[in-house]
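In: pasting the sequence and the predicted model now:
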Amino acid sequence: MRFGYSFYMMECQTNRWQIATMIWKLKNPFSRAREPSSRPDAVAPDPTVLLQRGMECASRQDWKAALACFHAATSLDPNHAEAHAFSGNVLRQLGEIDAAIAAYDRALASKADYAEVYYNRGTLLHQANQLRAALESFDSALSINPTLAQAHCRRADILRGLGQLEDAEASYRRAIALMPGNADAHAGLGVALMALRRPRDALASFDSAIDLRPDFARLFSNRAEAQAQLGLLSEARASHEHAVQLDPRDAAVHFNQGAFLSDVKEWQQAVPSYQAALQLKPDYAEAHCNLGLCLQEMGQADLAIGSYTRALDFNPQLATAFNNRGNLFRSRKQFAEALQDYRQALELEPGAIDTHYNLGQLALLQGDFAVGWPKYEWRERIEAAKAFSRRLPQPRWSGESSLHGKRIFLYAEQGLGDTIQFCRYASLVAARGGHAILEVQPGLGELLADLDGVAELQVAGSPVPQADFQCPLMSLPGAFNTTLETIPCRVPYLHVNPTELQRCQELLGPRQRPRVGLVWSGNPRHSNDRARSMTLRQMIAHLPNEFEYICLQNEIRDADRVTLHSSHEITIRELPLNSFLDTAALVASLDLVITVDTSVAHLSGAMGQRTWILLPYLPDWRWMLDRKDSPWYPTATLYRQAAVDDWDSVMSEVSKELRAAVRIS
């Protein structure tokens, strides 16, 4: 998980000191500065003269002299609202925030309808992160003068920060209506619209801000994120590059360029962007964190841990860095360290979705199902999964309610292999008296048509049926309080139509040697594809010639296809696979299936076929740790990497056992 893209608001371009001065002059059109008299009997200047002198000092940025004049004015007239207000302005320039707020409060005590002071006071309270008090101050300013466009804008900033996005949008639009040339308001509106998941509208707002401020680099960063969310990746890339060109000394634009490149998985290209940000701002904790993620994805684990640790040195409250470092420790099987980092992340952010989910995966991997299943439910809240989540009218069944005589809608939510693995729970639903309606991906409809326990089967895209309950397939193990001892592991629970089987056997022809099916890579779009897949060249380098090898892959990468058709070491037959029924019939016709962790592994295991599953150093949680067998598939044997990316040791063991099997036969 990378540290999120940072939207940047424009700095307010309004010089509040100049505004305050201008307002005072408008209200006192005949005032002018008077030279101090040199006569011994000269009278002390009145507050108006002191006020004028203070403003002249302030215009020269002689803040201490200005403050002395304003204090002298309030000594003569403790109720002089303007003098207190101007004192507040100077104190703000000097960084004395609390004293400035106190001065504004004294001004308001003398003049309750001083809208500009309410505005300045609200700005300082916002700066001090006193959001509710700041919002009240802006509301007071607007109740006196509803035309203060910048007050609407700053009020909107606070509402956006509080998560009141619709109200923030309305305030930004009010500010724009009052001052169409307010680039600050257009930019803020764009940020709010992005949070409302309206990137097209946000893009229009950012473009409006850019028209007004074409020299402001961070606006191009903001526009780039909107373009990226709309799938306009080339345009987003160009916007980021332009932002860097406009202001190469701004660490933020380098950071956001790196975030974009990380999102499109150009890890190596993202590294220089983060490094540029860190050269400009060495204590940029978020950049250290994101650099760590790039290094982790590039397989440079030690350097990645160093980056995460530096991020935490600069910001010990950065929960994302703890979470990411925990993931890296988990990938290296340093489980105690991973657990400690996950717990630290949750102390800092108790609602951190990714960390709860990661903690659940760690627990399941270690066989701690009591902790693992509840934590695994956090998967549905992960941002990337929200696009696929279902909002159904029926209540979620969590195992407590009786299913006797009830209709329950079960549906696939993840990959084909997940559906094959967990559709077995339909029989447990039926055993409790439930009427199971199962929805699966289009490719699995025919294969699962006769699945035990399913009363009705439908394909994704069909109308949601009438039901008393609903439950995604991946939540059923938790709903049934599954333990290692109670995993429903009876196989086969998937079967092949005899007609399909006969057709496949005719395609294969007479058996001359034992037949072995091969799968060496999975879906290239899978998040863990780099770890779980190998090349065909890596696999065949270890395969003995005493077998007839059959390709079970439906999707073959270009480099692997070249190997498949040009290899002289071994022959692998490729049959047409138009559906999962074809694959299932082919699996049923074989003596053995050798596969990496893909849907074919689940298909073969669910059919009770002899299956050898080749696993990366850190396997998916369902294969657990340090065991040759699988509690989910009794006919499966697991082969595990001894080190990261070490497929040679795995295939050497497979080759040894294949040769032994030939000798036995």
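Out: Nice, thanks for sending it over.
In: can you pull the contacts of Glu235?
Out: Glu235 sits next to Ala224, Gln227 when contact means C-beta atoms under 8 Å, 6 or more residues apart in numbering. All C-beta atoms are positioned from the backbone trio N, CA, C, and that covers glycine.
In: wait, is it part of a strand?
Out: No: membership of Glu235 in a strand is not supported by DSSP: H, G, I helix; E, B strand; the rest coil, which gives helix.
In: who touches the strand or helix carrying Glu169?
Out: Assigned by DSSP states H and E, Glu169 falls within helix 165-178. Contact partners of helix 165-178, identified using C-beta under 8 Å, 6+ apart, comprise 147-150, 152-153, 155-157, 159-160, 182, 185-186, 188-189, 192-193, 195-196.
In: in the chain, which spans are strands?
Out: Assigned by DSSP state E, the strands in the chain fall at 407-411, 435-440, 454-459, 469-472, 515-519, 548-551, 572-574, 592-596, 611-615, 636-640.
In: circling back to that earlier point, from the contacts of helix 165-178, which land in helices?
Out: With helices taken from DSSP state H, the overlap with those comprises 149-150, 152-153, 155-157, 159-160, 185-186, 188-189, 192-193, 195.
In: filter these to the buried ones?
Out: 149-150, 152-153, 155-157, 159-160, 185-186, 188-189, 192-193 (16 or more other C-beta atoms under 10 Å).
In: most widely separated two among those?
Out: Spanning the widest gap among those are Gln150 and Leu193, at 19.8 Å by C-beta to C-beta.
In: need the pLDDT of Phe3.
Out: Here the pLDDT value assigned to Phe3 is 50.
In: which stretches of the stretch 301-450 of the chain have low pLDDT?
Out: Applying pLDDT under 70 to the stretch 301-450 of the chain flags residues 384-388.
In: what ranges does it have for its helices?
Out: 301-314, 319-331, 335-348, 353-365, 369-376, 383-386, 416-422, 426-431 (DSSP state H, counting those that start in this stretch).
In: ranking the ones you listed by burial, who's on top?
Out: Across the helices of the stretch 301-450 of the chain, averaging neighbours per residue (mean count of other C-beta atoms under 10 Å) puts helix 319-331 on top, at a mean of 25.
In: so how far is His254 from the nearest residue to Trp520 once chain neighbours are set aside?
Out: Distances taken as C-beta to C-beta, 6 or more residues apart in numbering put Met539 closest to Trp520, at 4.6 Å, once the chain neighbours are dropped. Separation of Met539 from His254 (C-beta to C-beta, to the nearest Å): 42 Å.
In: out of the two, which sits in the more crowded spot?
Out: Comparing Met539 with His254 by other C-beta atoms under 10 Å, the one with more neighbours is His254, at 28 against 25.
In: how much space between the more buried one and Glu485?
Out: Distance from His254 to Glu485, counting by C-beta to C-beta: 54 Å.
In: hmm, back to that, any idea how far the helix holding Glu169 is from the chain center?
Out: For helix 165-178, the distance from its own C-alpha centre to the chain's C-alpha centre is 28 Å (C-alpha atoms, centre = their mean, to the nearest Å).
In: before we move on, what about stretch 273-288?
Out: Relative to its chain's centre, stretch 273-288 lies at 20 Å (C-alpha atoms, centre = their mean).
In: also stretch 159-166?
Out: Relative to the chain's own centre, stretch 159-166 is displaced by 20 Å; criterion: C-alpha atoms, centre = their mean.
In: let's see the distance spanning that stretch from one end to the other.
Out: 9 Å (C-alpha to C-alpha, to the nearest Å).
In: show me what counts as buried in that stretch.
Out: Across stretch 159-166, burial judged by 16+ other C-beta under 10 Å covers Leu159, Arg160, Gln164, Leu165.
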